[in-house]
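Undergrad: One predicted model, sequence on top.
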Amino acid sequence: MAVKTEQLYEGKAKKVFATDDPALCIVSYKDDATAFDGLKKGSISGKGVVNNRMSNYLMKKLEEEAGIPTHFVEEINDREAVVKKVSIVPLEVIVRNIAAGSFSKRFGVEEGTVLLCPTLEFCYKDDNLHDPMVNDYHIIACGWATREDLDIITDYTFRINEYLKNYFKGIGVDLVDFKIEFGKTPDGKIILADEISPDTCRFWDSKTHEKLDKDRFRRDLGNVEGAYAEMMKRVFG
Ligand code: ADP
Ligand code: UDP
């Protein structure tokens, strides 16, 4: 098993550590929560455990059942996992099945409107610039990814959406939208990295449309911990 060495990075929701194996790192999930580019700060008790366990579980399923290569290697405890170390493609890849959040605001489409087909957005990952939305031409021109990388990312992303939409439907949850990140391994392979969790997805109860994700924190809807715990219960029983 990989052994944790020095801390490489502390982000808003996770810490990343080097290990004695240069190809691997360990991610450690925190309970810290932020929203609106870090302007709103708080803590969601138990969130780190939910996000770690859910993300590991979903990545393993995506790898085994949908053939998507991921960074997941091994869960070492409730809050920590060993992952393949990648060079992150600096894009937030966002898929939407139902209008919500910034999409509704930007385009004046009422939240909850079922989109005629899934949509794909890329945002350049830079907090100082507020993660601006970019298109393929921007990405290729600036060298954030190549055409070939983007084709692979797009193919994986829609396959991930189909797999996850169907999986969550089975546990009574509508997958409204989500953000994923990809990375490149030293041998140049694109793989799914970062996390898939209630921090990075919008989950609505299929029947009641109750929000079961980070929007409860962003919008001060109350029962934030309850929503994360409910998602944990739906996934793990
Ligand atoms: P942020 O950087 O937005 O505050 P986090 O707190 O989630 O986000 O920090 C985790 C960081 O680790 C992110 O910048 C993410 O891109 C990066 N990361 C995720 N998976 C890997 C990986 N397998 N290898 C290297 N870096 C990763
Ligand atoms: N998202 C994320 N990190 C970000 C921005 C968005 O995980 O920095 C996720 C968010 O949880 C939602 C989806 O991406 O599931 C779309 O978010 P949106 O663009 O609507 O932005 P928001 O309303 O969250 O500002």
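TA: That came in fine, so what should we check first? Numbers count the residues shown, from 1 in each chain. Ligands and ions are numbered 1, 2, ... in the order given.
Undergrad: how about the residues of the protein that lie near ligand 1?
TA: 9, 11-14, 16, 25, 71, 83-86, 88, 181, 183, 193-194 (Cβ under 6 Å from any ligand atom). (Glycine included, C-beta is placed from N, CA and C.)
Undergrad: out of these, which are buried?
TA: Buried members of these, counted by 16 or more other Cβ atoms under 10 Å: 13-14, 25, 71, 83-86, 181, 183, 193-194.
Undergrad: Reformat those as a markdown table; add pLDDT and secondary structure.
TA: Shown next, in a markdown table, are these (pLDDT from 0 to 100; DSSP: H, G, I helix; E, B strand; the rest coil):
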| residue | pLDDT | secondary structure |
| --- | --- | --- |
| 13 | 98 | coil |
| 14 | 98 | strand |
| 25 | 98 | strand |
| 71 | 99 | coil |
| 83 | 98 | strand |
| 84 | 98 | strand |
| 85 | 98 | coil |
| 86 | 98 | coil |
| 181 | 99 | strand |
| 183 | 98 | strand |
| 193 | 99 | strand |
| 194 | 98 | coil |
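Undergrad: Looking at these, point me to the pair that's furthest apart.
TA: Spatial extent of these (Cβ to Cβ) is set by the pair 13 and 84 at 19.3 Å.
Undergrad: how deep is residue 144 tucked in, by neighbour count?
TA: The local packing of residue 144 (other Cβ atoms under 10 Å) involves 17 other residues.
Undergrad: Residue 122 versus the residue lying closest to it once chain neighbours are set aside, what's the distance?
TA: Leaving aside its sequence neighbours, residue 144 sits nearest to residue 90 (Cβ to Cβ, 6 or more residues apart in numbering; 5.3 Å). Distance of residue 90 to residue 122, computed by Cβ to Cβ, to the nearest Å: 10 Å.
Undergrad: which residues touch the residue in the chain that ligand 2 sits nearest to?
TA: Residue nearest to ligand 2 within the chain: residue 101 (2.4 Å; Cβ to the nearest ligand atom). Applying Cβ atoms under 8 Å, 6 or more residues apart in numbering to residue 101 gives the contacts 111, 177, 202, 215.
Undergrad: among those residues, who's most crowded?
TA: In terms of neighbours by other Cβ under 10 Å, the contacts of residue 101 top out with residue 177 at 24 neighbours.
Undergrad: and that one, what helix or strand is that in?
TA: For residue 177, the enclosing helix or strand under DSSP states H and E is strand 173-184.
Undergrad: Pull the residues that contact the lengthiest helix in the chain.
TA: Looking across the chain with DSSP state H, the single longest helix is helix 147-169. Residues outside helix 147-169 that contact it (Cβ under 8 Å, 6+ apart): 58, 61-62, 65-68, 89, 91, 93, 95, 97, 118, 120, 136, 139-140, 145, 174-175, 178, 180, 182, 184, 190, 192, 196, 201, 203, 206.
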